[in-house]
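> what's the 3D shape of this:
(4 chains)
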2 protein chains.
Amino acid sequence: MHGRTNLTAIRLMDACEHLLCESEVLEELTARKIAVEAHATPSAIVYHFGSQEALIAAVAERVYRRLNAERLSLLRKAIDRRAPEPADLDEVIAALVGPSIRWSLDPSSSYPVLSHFTSMAKAHREGGPHYRKIIDNVEHHLAFIPPLKRIAPWLDEVDIGWRLNSALGIRSQVTRSRSRTEILTNHSMNLDDPEFVIARMIEVIAPMFRRPI
Amino acid sequence: MHGRTNLTAIRLMDACEHLLCESEVLEELTARKIAVEAHATPSAIVYHFGSQEALIAAVAERVYRRLNAERLSLLRKAIDRRAPEPADLDEVIAALVGPSIRWSLDPSSSYPVLSHFTSMAKAHREGGPHYRKIIDNVEHHLAFIPPLKRIAPWLDEVDIGWRLNSALGIRSQVTRSRSRTEILTNHSMNLDDPEFVIARMIEVIAPMFRRPI
DNA sequence: GATCAATTCGAACGGCATTCGAAATCCGTC
DNA sequence: GACGGATTTCGAATGCCGTTCGAATTGATC
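Residues are numbered from 1 along each chain as shown, chains lettered A, B, ... in the order given. Below is the predicted model:
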């Protein structure tokens, strides 16, 4: 009953993820197209998920989990490499922003799902628990606070969180407002090279965590 | 003929701006509601603007102009106050991010228009010149580059633009992802006080422009 | 093979932005 | 003051959307 493990439900999620990646614009995605690609009917969407919106949220959550796992894996590596010393700041920042940057530049990734989802969350019913639950899922971000506190012990946890939040803002700007970034940097940066972009982001984020003079 | 100076066109824009501010969620805004509030019909929208989304774009552009004027006015003040010496870095940053922060926290402002518009631009036809033209309108941002270059002459213009872009990302994060910001800062920051928030933003943005050691 | 729940389907339904041809209004000219 | 062409308004379609709902189908259990 209303299962998410049903074969049809999985086919619907796969079709939705695929179409979400293909479609440049969110309004191209319709329940009927999803149904066709999944060899089902629009009714199946509402039967298995409750609404089209909820289906998209479920797909976004699935993709989100993959991204977060990659982030946390990199964070763990950064910590272990230097343990018991504090981790390297640059490496921690790369773990935080790297996966998003790489995904957003990899055409074969499912990054568009997240991109579309975040913009959708602002346009649709805010009360729905679908959105806030996923968007505000910051547990994986909170995991970055203790290692950063070890690196910059003169900052309290609120300061760390504030800087973490700022770093995420910079990342969003680069992934979401690419054309604006291009113009401001006079088209002189190769924004297609993820490692270069990550290095440039570290260049602006790391100073936030340095000891004030 | 399709005039934007027509009385009905102005009433439509005013109604649209008002409804855009009132409505929590973008999908609450319908052409029929706009028409009723403007004492017109939905057809009037397409007659005067071409489409509902073009109307919203026109409204957003109008609001955007007001915000940009405020930004540039503050920048001018910051420059004049120290001329012929370079402007104060903190003051320039406050000119860049201050107006957005104050507007976003002022319930009587039209900030929701911009908030809704930016999320709408991602969901609708990307080819339409409406959106990119407004979103990528960075002329007012480019005006910040020369003064910042005087403050940090060891950075080239691309570096300045990159940091400018990063600062804008931080600002967007604070204005758009408030709940996430709250969680990461452990609910210990008074995010309702614009001057406090601006000071905190300067705290993380200014170090980007400091001379590396 | 019967029973009952779980699932699928297809035909509605209401709402949406938009189209379009016909009215109505405006306005310079006679 | 009346005319006539352009401008503006209107209201009834049109087509698409997500969703609803009852009936048909399927599948497991006895």
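> Residue A:90 and residue A:202 touch, don't they?
Yes: counting by C-beta atoms under 8 Å, residue A:90 does reach residue A:202; the two are 5.0 Å apart. Any C-beta I mention is one placed from the backbone N, CA and C, and that applies to glycine too.
> what about the two, which has more around it?
residue A:202 (20 against 15; other C-beta atoms under 10 Å in any protein chain shown).
> Would you confirm that the more buried one contacts residue A:94?
Yes: contact status for residue A:202 versus residue A:94: in contact at 6.4 Å, counting by C-beta under 8 Å.
> Following element in sequence after the helix ranked longest in chain A, please.
For chain A, the longest helix by residue count, based on DSSP state H, is helix A:52-82. Where DSSP states H and E defines the elements, the next helix or strand beyond helix A:52-82 is helix A:89-105.
> Now do the buried residues in the lowest-mean-pLDDT helix or strand in chain A.
Here the helix or strand of chain A ranked lowest by mean pLDDT, DSSP states H and E is helix A:129-135, holding a mean of 77. Residues A:130, A:131, A:134, A:135 are the ones in helix A:129-135 that count as buried (16 or more other C-beta atoms under 10 Å in any protein chain shown).
> near chain B at all, it?
Yes: residues of helix A:129-135 contacting chain B under C-beta under 8 Å from any C-beta of the partner chain: A:132, A:135.
> helices or strands up against the next helix or strand after that helix?
For helix A:129-135, the following helix or strand on the C-terminal side (DSSP H and E) is helix A:139-142. Applying 3 or more C-beta pairs under 8 Å, 6 or more residues apart in numbering or on different chains; DSSP states H and E, one finds that helix A:139-142 contacts helix A:52-82, helix B:178-184.
> And those helices: which comes nearest DNA strand D?
Nearest to DNA strand D, of all the helices and strands packed on helix A:139-142, is helix A:52-82, at 3.3 Å by C-beta to the nearest atom of the strand.
> that older thread, can you tell me which of the buried residues of helix A:129-135 is nearest residue B:153?
residue A:135 (40.7 Å; C-beta to C-beta).
> How about the contacts made by that closest one?
By C-beta atoms under 8 Å, 6 or more residues apart in numbering or on different chains, the residues touching residue A:135 are A:118, A:121, B:177, B:179, B:180.
> buried subset of these?
A:118, A:121, B:177, B:180.
> Show the contacting residues for the closest residue to residue A:61 other than its chain neighbours.
Leaving aside its chain neighbours, residue A:61 sits nearest to residue A:134 (5.3 Å; criterion: C-beta to C-beta, 6 or more residues apart in numbering or on different chains). When contacts are counted by C-beta under 8 Å, 6+ apart, residue A:134 touches A:57, A:60, A:61, A:64, A:117, A:121.
> and the closest residue to residue A:210 other than its chain neighbours, which of the three is it?
Leaving aside its sequence neighbours, residue A:210 sits nearest to residue B:207 (C-beta to C-beta, 6+ apart; 6.9 Å). Here residue B:207 is recorded as helix under DSSP: H, G, I helix; E, B strand; the rest coil.
> number of nearby residues for residue B:207?
Neighbour tally, residue B:207, other C-beta under 10 Å: 16.
> for it, what are its contacts?
With contact taken as C-beta under 8 Å, 6+ apart, residue B:207 is in contact with A:207, A:208, A:210.
> Residue A:120 too?
For residue A:120, counting by C-beta under 8 Å, 6+ apart, the contacting residues are A:26, A:53, A:56, B:123.
> out of these, who's near DNA strand D?
residue A:53 (C-beta under 7 Å from any atom of the strand).
> which one of the contacts of residue A:120 has the most neighbours?
residue A:56 (26 neighbours).
> For it, which residues are in contact?
Residue A:56 sits next to A:16, A:20, A:29, A:116, A:117, A:120 when contact means C-beta under 8 Å, 6+ apart.
> which secondary structure element contains the fourth one?
Counting by DSSP H and E, the element that carries residue A:116 is helix A:111-123.
> Please apply the same query to the second one.
Here residue A:20 sits within helix A:7-22, counting by DSSP H and E.
> what's the average pLDDT for the next helix or strand after that helix?
Using DSSP H and E, the next helix or strand after helix A:7-22 towards the C-terminus is helix A:31-37. Mean pLDDT, helix A:31-37: 97.
> Check the closest residue to residue A:167 other than its chain neighbours and give its pLDDT.
Spatially, and ignoring its direct neighbours in sequence, residue A:167 is nearest to residue A:205 (4.7 Å; C-beta to C-beta, 6+ apart). For residue A:205, the pLDDT comes out at 98.
> for residue A:205, what are its contacts?
Contacts of residue A:205 by C-beta under 8 Å, 6+ apart are A:93, A:97, A:163, A:166, A:167, A:170.
> If we use 10 Å, what do you get?
A:89-90, A:92-94, A:96-97, A:163-164, A:166-168, A:170-171, B:166, B:204, B:207-208 (C-beta atoms under 10 Å, 6 or more residues apart in numbering or on different chains).
> picking up where we left off before, closest to residue B:184 among the contacts of residue A:134?
Lowest distance from residue B:184 to those (C-beta to C-beta) belongs to residue A:64, with 16.9 Å.
> Give me the distance between the closest one and DNA strand C.
25 Å (C-beta to the nearest atom of the strand, to the nearest Å).
> And residue A:74, by the same measure?
38 Å.
> what do you get for residue A:108?
Distance, residue A:108 to DNA strand C, using C-beta to the nearest atom of the strand: 29 Å.
> And for residue A:169?
In terms of C-beta to the nearest atom of the strand, residue A:169 sits 32 Å off from DNA strand C.
> Count the neighbours of that residue for me.
Residues near residue A:169, counting by other C-beta under 10 Å: 26.
> In contact with it: list those residues for me.
Counting by C-beta under 10 Å, 6+ apart, residue A:169 has contacts B:166-177, B:180-181, B:201, B:204.
> Scan these and report the most crowded one.
So for these (other C-beta under 10 Å), the most neighbours sit at residue B:167, 29 neighbours.
> per-residue confidence at that one?
98.
> ditto for residue A:5
Per the predicted model, pLDDT is 73 at residue A:5.
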